[in-house]
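# Quick one, what's the 3D model for this:
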Amino acid sequence: MTGLINVVFRNEFFIIVDKPSCVLSVPSRLGKNETRLCLGTSLQNELGRQIYPCHRLDYEVSGLLLFALDKLAHKIASRWFEEGEIQKKYSAWCTGVAPAFSSELWHSFLLRGKKRAYEGPHGKESITKVKYLGLSEHSYLCFELEPVTGRSHQLRYELFKHGFPIVGDELYGSSEKFDDKIALRSFEIDFSNCSEREQFNLPRQIELEKIYEVKR
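Prediction:
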């Protein structure tokens, strides 16, 4: 596999990769005019077969990304996501004043504009489980987040809304750089509650390191 593609799990039904930051998950609407690298396209070319994205990560976000290798596996995985049978966890480094809570459940009703999410009375319900873990070695606030719903920019908006912008995320209020990335990473995907997990030969969970180190 190329340096862009880091496979962490593969069987006859699924392939899971560790997506780098600043790489598209799937092709954008720009088509041939798109100049950014796309992991899904590179992976499909590398495998020499069609693959089916089961979810996406923002361009700026790194971490675990699941693709199906056939239409049936894609249909089943899509249902897992829709019915909340798959759980994902993210880690984030943020700025702001350290919170008094250790864990909370955040609710919003989100809409998606051209570039960013915002709240509105006709928005879709957004639910996020959040834990505050303390300070990183660089004195950033460390959060662990589990999206119960899967809204666009959900975690980035929620942290910004509550006064904890993600390091490097200028779109949502950060004034700090993170090597042209943002400090948000999908580090765990849990299949424990997937009804056909054993049928599709999946482990209970896959976990990676949380946040890549940043040179300062």
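
# number of nearby residues for K210?
Counted with other CB atoms under 10 Å, residues neighbouring K210 total 20. From N, CA and C alone the C-beta is placed, and that goes for glycine too.

# That one - that's part of a strand, no?
No. Counting by DSSP: H, G, I helix; E, B strand; the rest coil, K210 is not found in a strand; it is coil.

# For it, which non-adjacent residue is spatially closest?
S91 (3.7 Å; CB to CB, 6 or more residues apart in numbering).

# if I read this right, that neighbour contacts L141, doesn't it?
No. Counting by CB atoms under 8 Å, L141 is not a contact partner of S91; they are 11.3 Å apart.

# Now do the same contact list for the closest residue in space to D58 that isn't next to it in sequence.
Of all residues not flanking D58 in the chain, H153 sits nearest, at 7.0 Å (CB to CB, 6+ apart). Applying CB atoms under 8 Å, 6 or more residues apart in numbering to H153 gives the contacts D58, L110, R112, R116, A117, Y172.

# Against K181, how distant is H153?
Separation of H153 from K181 (CB to CB, to the nearest Å): 16 Å.

# How about E144?
The spacing between E144 and K181, counted by CB to CB, is 19 Å.

# Kindly confirm my reading that T35 is in a strand.
No. Applying three-state DSSP, one finds T35 to be coil, outside a strand.

# burial count for it?
Neighbours of T35 under the rule other CB under 10 Å: 7.

# Kindly report the same for C54.
C54, neighbours per other CB under 10 Å, totals 19.

# cool, and the one 4 residues further on?
Look at D58: counted by other CB under 10 Å, it has 19 neighbours.
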